[in-house]
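Q: what follows is a predicted protein model with its sequence.
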Amino acid sequence: MRRSQFIISAGIGLGASVLAACTTYGKKPEASGDTASTTKAPPTTGGTAPEPANIVTKTADVPVGSGVIVGEVVVTQPAAGDFKGFSSTCTHAGCSLNEVADGTINCPCHGSKFNLDGSVAQGPATKPLVSKAVTVQGDSIVLG
């Protein structure tokens, strides 16, 4: 056999081996005449659990006695470990709330202020903020 023929034959053999391995990966060994096969997900590496869906923020990012505004959600922590969620839309005229400072959630449009529990602290708003359900999952605050 010539050298070039040997190299070509070895390459074909290697390619066939790889192809055979790819087509049998994930197949369940046949047992008791059952010819059905199933596929498995590829193995995963260990480590951390997947992040929960609908994460608003991390618990560490919400100071006790204050809160944060993240998009359309305000998350407050009036007392340690007590997280509350609200719409970031002011109930007076529909403006977007812009800050949480000095223990209140503030609206820049007409000066309305809301307490960390969503109740009105200062008008012209007369209705509390709309509540949004938030839960703590691990170190994350999740909407819903």
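A: Arrived safely. What you see is a predicted model; the values in this text were computed from it and never measured. Residues are numbered from 1 along each chain as shown.
Q: the closest residue to residue 118 other than its chain neighbours and residue 137: what is the separation?
A: Spatial nearest neighbour of residue 118, chain neighbours left out: residue 129 (4.0 Å); criterion: C-beta to C-beta, 6 or more residues apart in numbering. No exception for glycine: its C-beta is placed from N, CA and C like everyone else's. From residue 129 over to residue 137 the distance is 23 Å, taken as C-beta to C-beta, to the nearest Å.
Q: also residue 55?
A: According to C-beta to C-beta, residue 55 and residue 137 sit 8 Å apart.
Q: check residue 95 too.
A: Applying C-beta to C-beta, the value for residue 95 to residue 137 is 31 Å.
Q: who's in contact with the closest residue in space to residue 119 that isn't next to it in sequence?
A: Spatial nearest neighbour of residue 119, chain neighbours left out: residue 128 (4.8 Å); criterion: C-beta to C-beta, 6+ apart. Residue 128 makes contact with 91, 114, 118, 119, 120 under the criterion C-beta atoms under 8 Å, 6 or more residues apart in numbering.
Q: which stretches of the protein form helices?
A: Using DSSP state H, the helices of the chain run over 3-24.
Q: so where's it uncertain?
A: Applying pLDDT under 70 to the chain flags residues 1-11, 13-52.
Q: with distance to residue 73 and neighbour count as added columns, please give the contacts of residue 128 in a markdown table.
A: Shown next, in a markdown table, are these (distance: C-beta to C-beta, whole Å; neighbours: other C-beta atoms under 10 Å):
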| residue | distance to residue 73 | neighbour count |
| --- | --- | --- |
| 91 | 15 | 20 |
| 114 | 14 | 26 |
| 118 | 12 | 21 |
| 119 | 17 | 10 |
| 120 | 19 | 17 |
